[in-house]
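Asker: sequence? don't have it. structure:
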Ligand SMILES: [Zn+2]
């Protein structure tokens, strides 16, 4: 069983205060070099949930976005007048 522990530090995507978490990851997906892990962490300052995408391989942060946002990437819709 593959297992890794990563320490993440980032700024809360809602209030901007620094926060962090130590996360344990395990599973066969870790064998994948481009594996991404996903976790929800509540901010200790504003109590909003941060959704964090990171690489369990090296603990690099990939993306942080608020829990209220259902779609990860907003696709701009062109408008024609
Ligand atoms: Zn916050």
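Answerer: Thanks, I have it. Model, not experiment: these values are computed from the prediction.

Asker: show me what the most centrally placed residue in the chain bridges to in the sheet.
Answerer: Nearest to the geometric centre of the chain sits residue 52, at 1.1 Å (CA atoms, centre = their mean). With DSSP bridges as the criterion, residue 52 is bridged to residue 39, residue 64.

Asker: and the pLDDT at it?
Answerer: If you check residue 52, the pLDDT there is 92.

Asker: same check on residue 71?
Answerer: 54.

Asker: list the contacts of the residue nearest to the centre of the chain.
Answerer: 8, 10, 21, 38, 39, 40, 41, 61, 63, 64 (CB atoms under 8 Å, 6 or more residues apart in numbering). For the C-beta atoms, the positions are set from N, CA and C on the backbone; glycine is no exception.

Asker: now the third one. Its backbone dihedrals?
Answerer: For residue 21, the backbone dihedrals are phi -160, psi 150 (criterion: degrees, to the nearest 10).

Asker: next one: the one 3 residues further on
Answerer: Residue 24 adopts backbone torsions of phi -100, psi 130, taken as degrees, to the nearest 10.

Asker: I'd say it and residue 8 touch.
Answerer: No - Residue 24 lies out of contact with residue 8 (CB atoms under 8 Å); the separation is 11.8 Å.
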